[in-house]
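Trainee: fold the stuff below for me.
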Amino acid sequence: MAQVKYWIWLANLHGVSRQIKLALLEQFGDPDRIYYGEKEEYFLTPGMTRTAAENLENKNLEAADRILGECDRLGIRVITMQDAAYPDRLKNIFEPPLLLYAQGRMPQFDDEVAVAMVGTRRASPYAIEQGERLAFQMAGLGALIVSGLAAGGDAAAHRGALRAGGFTAAVIGGGHDIIYPRENRELYADIAARGVILSEYPPGTEHRGMHFPVRNRIISGLSLGVVVIEAPASSGALITASRALDQGKDVFVIPGLVGDYHCAGSNALLRDGAGVATDAWDVLSGYAGKFPHKIRSLRVEEPRRFGGANPGKPKAEKKEPAPPVQAEKPLLDLTGDHGLTDDQIRIVKALEGRTVQVDDLIEETQIPTRRILSALTVLELDRIVAQESGKRFSLLVALRHSAVP
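Mentor: Next up, the predicted model:
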């Protein structure tokens with residue numbers, strides 16, 4: 001613990017650039033040796049400036065002790081560059097973080113098919129739907145989804161991974177105790193419980209605009225490739241894509257509408273040679289050979305369509321027709337803790353026992369179009385409904401409306 005204190009002192013020392021801090025570690029080996037070093041020794045470090053050398057004479061450890069106390073209170077682990085848990089992928093990027101504050105379960109990133117998914121905060125409904133769908137598919141195949149826990153596209157990626165029962169990592173631009181944006185409070189808690197939240201900023205640090213472009217190098221650095229969900233011509237998602245290219249990582253794009261403002265930046269990446277991401281295998285096929293133990297199958301199974309033919313079975317000899325066997329659907333108990341929203345409950349009740357076209361569903365339920373499309377997307381991801389041809393929907397579950405006596 002004493003050694004960690006010196007890492008925190010060095011990482012949070014003002015007036016000393018990250019490049020100089022990394023050069024000092026190269027020169028001295030350990031942060032405690034830097035702490036006890038003399039000003040004359042500091043000037044032996046390449047790139048050292050007079051201002052930096054003067055700031056290194058600040059030996060006050062009160063802030064480091066306070067940060068350690070907050071980390072202990074919040075259940076945050078401090079992972080330094082010398083720890084085995086620190087990913088080699090990060091060590092190899094330009095100006096890697098000296099340490100990471102981790103809340104949740106820290107995976108061995110170097111052994112994971114980690115894929116970053118990023119998008120604009122003001123994402124269109126199309127981007128939310130497609131980002132969540134693709135994250136769901138990739139996590140279902142065994143990929144680890146990395147994003148930035150921002151509103152819009154980032155949140156959609158995290159939600160999709162969690163709904164698939166997968167692991168997701170969020171890299172934030174401030175302290176763990178300051179949730180930003182506030183609307184992601186529940187998502188933050190879910191990721192902390194089932195994934196990991198990472199930051200190079202200690203508890204108590206506000207999420208500032210200047211922090212987000214800096215943290216983007218970590219998002220791409222942890223990942224094998226980056227998927228841009230949607231990005232206008234000026235977007236932080238494009239900064240992440242640029243960092244990925246600088247790091248020699250793959251960049252993929254979910255195609256957007258030509259001429260749409262929201263997609264101008266992401267479509268430009270496609271024009272310049274980025275890979276097309278229409279489904280999980282577009283992204284993961286290039287990594288399956290290197291990580292065969294991580295990628296589970298070639299495709300995530302779509303929700304089962306009941307009543308369809310089974311092309312995999314050979315034709316039987318002609319016999320007297322047997323009575324049809326009805327597939328037993330899973331039970332959705334509407335009287336218990338089902339976790340559905342009011343909109344979702346109205347939709348599943350309207351679909352009971354029939355297949356309904358989406359326009360008719362909107363008219364019957366009187367739910368606004370945007371809300372009903374969003375609810376249907378979530379229900380489809382949860383395998384409660386299935387979409388058939390002609391934007392028609394049907395239930396994949398049986399409903400229980402009243403408690404069993």
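Trainee: residue contacts, the closest residue to I67 other than its chain neighbours?
Mentor: Sequence neighbours aside, P202 is the residue nearest to I67 in space, at 4.4 Å (criterion: C-beta to C-beta, 6 or more residues apart in numbering). Where C-beta positions appear, they are placed from N, C-alpha and C, glycine not excepted. By C-beta atoms under 8 Å, 6 or more residues apart in numbering, the contact list for P202 reads 8, 12, 67, 70-71, 101, 175.
Trainee: let's see 7 Å
Mentor: Shown in contact with P202 (C-beta atoms under 7 Å, 6 or more residues apart in numbering): 12, 67, 101, 175.
Trainee: ok, A192 next?
Mentor: Neighbours of A192 in contact, by C-beta under 7 Å, 6+ apart: 103-104.
Trainee: now it. Its backbone dihedrals?
Mentor: Torsion angles at A192 (phi, psi; degrees, to the nearest 10) stand at phi -60, psi -30.
Trainee: gap between it and I347?
Mentor: Note on A192: its distance to I347, by C-beta to C-beta, to the nearest Å, is 30 Å.
Trainee: inside helices: which ones of the contacts of P202?
Mentor: Among the contacts of P202, the members falling in helices (DSSP state H) are I67.
Trainee: and which of the contacts of P202 is nearest to D83?
Mentor: Nearest to D83 out of those is Y101 (C-beta to C-beta; 12.4 Å).
Trainee: does the closest one really touch S199, like I thought?
Mentor: Yes. In this structure Y101 lies within contact range of S199 using C-beta atoms under 7 Å: 5.0 Å.
Trainee: can you pull the residues that touch both of those two?
Mentor: By C-beta under 7 Å, 6+ apart, Y101 and S199 have these common neighbours: H176.
Trainee: returning to that earlier point: closest to V146 out of the contacts of P202?
Mentor: Of all the contacts of P202, V146 sits closest to Y101, with 16.1 Å by C-beta to C-beta.
Trainee: now do the same end-to-end measure for stretch 107-116.
Mentor: One end of stretch 107-116 sits 15 Å from the other (C-alpha to C-alpha, to the nearest Å).
Trainee: show me where the stretch 251-400 of the chain has its strands.
Mentor: Using DSSP state E, counting those that start in this stretch, the strands of the stretch 251-400 of the chain run over 275-276, 331-333, 356-357, 385-388, 392-395, 398-400.
Trainee: about what we covered before: top of the contacts of P202 by number of neighbours, please.
Mentor: Within the contacts of P202, most neighbours by other C-beta atoms under 10 Å means Y101, with 26 neighbours.
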